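A.B. asks: How does the following fold in three dimensions:
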Amino acid sequence: MNPKTKEVLTMKANGLLVKQIASKLNVHSRTVEWHIGVACYELKALNSSHAIAIAVRDGLILVAHVGCIAILCWSSLFSGTEARRGPNPPPVARTARRDTII
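C.D. replies: Presented below is the predicted three-dimensional model:
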């Protein structure tokens, strides 16, 4: 992983938004998204949070520079469970709306 991708991933781990990272690095937000995508691809991560947790585990990002977001995913790396979303909300009944004209 190249140094710029590590820097972007560290900033993302510290809770910065893509626009904030782009502003600090003086690049376009799509460039930041590209770096995050590269990190996910190289680390075989499901999303950016998962990539951050893997990078911390593998020593690519120093723990001192990481916010609490990686800690949330840390247990999913070692417990054997997948990092995924919660249950889907129940379906909403859709009814046709009729407007009455009097």
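
A.B. asks: Name the helix or strand for Ala55, please.
C.D. replies: Using DSSP states H and E, Ala55 maps to helix 48-57.

A.B. asks: for Gly37, same thing?
C.D. replies: Assigned by DSSP H and E, Gly37 falls in helix 29-43.

A.B. asks: Check the burial of Arg57 by counting its neighbours.
C.D. replies: Residues lying near Arg57 (other CB atoms under 10 Å) number 16. In this view, the C-beta of every residue, glycine as well, is placed from N, C-alpha and C.

A.B. asks: er, Val38 I mean
C.D. replies: 17.

A.B. asks: and if you look at the one 5 residues further on?
C.D. replies: Number of residues near Leu43 (other CB under 10 Å) recorded here: 19.

A.B. asks: so what's the nearest residue to it once chain neighbours are set aside scoring on pLDDT?
C.D. replies: Nearest non-adjacent residue to Leu43, counting by CB to CB, 6 or more residues apart in numbering: Ile54, 4.5 Å away. At Ile54, the pLDDT value in this model is 91.

A.B. asks: How about Cys68?
C.D. replies: Reported pLDDT for Cys68: 53.

A.B. asks: which ones are touching Val38?
C.D. replies: Val38 is in contact with 1, 5, counting by CB atoms under 8 Å, 6 or more residues apart in numbering.

A.B. asks: how far away is it from Asn2?
C.D. replies: Here Val38 is placed at a distance of 8 Å from Asn2 (CB to CB, to the nearest Å).

A.B. asks: do Ile61 as well
C.D. replies: Distance from Ile61 to Asn2, counting by CB to CB: 14 Å.

A.B. asks: what about the two, which has more around it?
C.D. replies: Each of Ile61 and Asn2 had its neighbours counted (other CB under 10 Å), and the higher figure belongs to Ile61 (25 against 11).

A.B. asks: The more buried one is in contact with Thr10, isn't it?
C.D. replies: Yes. Ile61 is within contact range of Thr10, at 5.2 Å (criterion: CB atoms under 8 Å).

A.B. asks: between the helix holding Gly37 and helix 48-57, how many degrees?
C.D. replies: Angle, helix 29-43 to helix 48-57, by axes from the mean of the first three to the mean of the last three CA atoms, to 10 degrees: 60 degrees.
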